[in-house]
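Peer 1: Mind looking at a prediction? Sequence and model below.
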Amino acid sequence: MSDLESQLPLPFREALAFLRQHRDPDVRIDAIDANFAYVWINNLVKNTPGEARGGWIRLPVVFPHANPHGLVTRDALMRSNGEKVIDGHNPAHDMCKPVSSMGGAHYYSWTWAGAPALNSPKHIIGVAQWYERRIRNG
């Protein structure tokens, strides 16, 4: 467990363990800023077969008792049809700063509005899937 991860509440750490077990064993916390942790997922963006790119989900440190807000990526996101994802796109936004030294440069200010309720650390899988759907479908 990293020093950053050890600062997080138990339900958040349980969510990370579940995500590692069921999605990506290399999930990590790269920054904590105010009440949000930046959760790196290697295989969040899949544009073409064999191509996977990562992104940082801005997850509140009190997860699952508060909703995610935003995604930071190194490159601008593209849908599988080749169109650029423009909804909520804010290049070089201040929300990128906590992970800018690792290449974080594109902030997508997507809220959790209209998404399923979160009430268990296991719902972290649904968070990753919801962001993937936003990337694919807008």
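Peer 2: Arrived safely, thanks for sending.
Peer 1: what bridges to residue 33?
Peer 2: Assessed by DSSP bridges, residue 33 has beta-bridge partners residue 36.
Peer 1: Can you report how many residues lie near it?
Peer 2: Neighbours of residue 33 under the rule other Cβ atoms under 10 Å: 14. Every residue, glycine included, has its C-beta placed from N, CA and C.
Peer 1: isn't it right next to residue 100, touching?
Peer 2: No - Residue 33 is not in contact with residue 100 according to Cβ atoms under 8 Å; the separation is 11.2 Å.
Peer 1: Specify the local secondary structure of the closest residue to residue 1 other than its chain neighbours.
Peer 2: Leaving aside its sequence neighbours, residue 1 sits nearest to residue 13 (Cβ to Cβ, 6 or more residues apart in numbering; 7.4 Å). With DSSP: H, G, I helix; E, B strand; the rest coil as the basis, residue 13 sits in helix.
Peer 1: and residue 13, how many neighbours does it have?
Peer 2: Using other Cβ under 10 Å as the criterion, residue 13 is surrounded by 16 other residues.
Peer 1: Do a quick rundown of the strands in the protein.
Peer 2: Using DSSP state E, the strands found in the chain span residues 28-33, 36-45, 53-60, 71-73, 89-91, 106-108.
Peer 1: Which stretch among the ones you listed is buried most, on average?
Peer 2: strand 71-73 (a mean of 25; mean count of other Cβ atoms under 10 Å).
Peer 1: quick one: low-confidence ranges for this protein?
Peer 2: Scanning the chain for pLDDT under 70 picks out the ranges 46-52, 138.
Peer 1: can you map out the helices along it?
Peer 2: Applying DSSP state H to the chain gives helices spanning 3-6, 10-22, 124-137.
Peer 1: Isn't residue 64 up against residue 118?
Peer 2: Yes - contact criterion Cβ under 8 Å: residue 64 and residue 118 qualify, at 4.3 Å.
Peer 1: picking that back up, please report how far the residue nearest to residue 1 lies from residue 29.
Peer 2: 10 Å (Cβ to Cβ, to the nearest Å).
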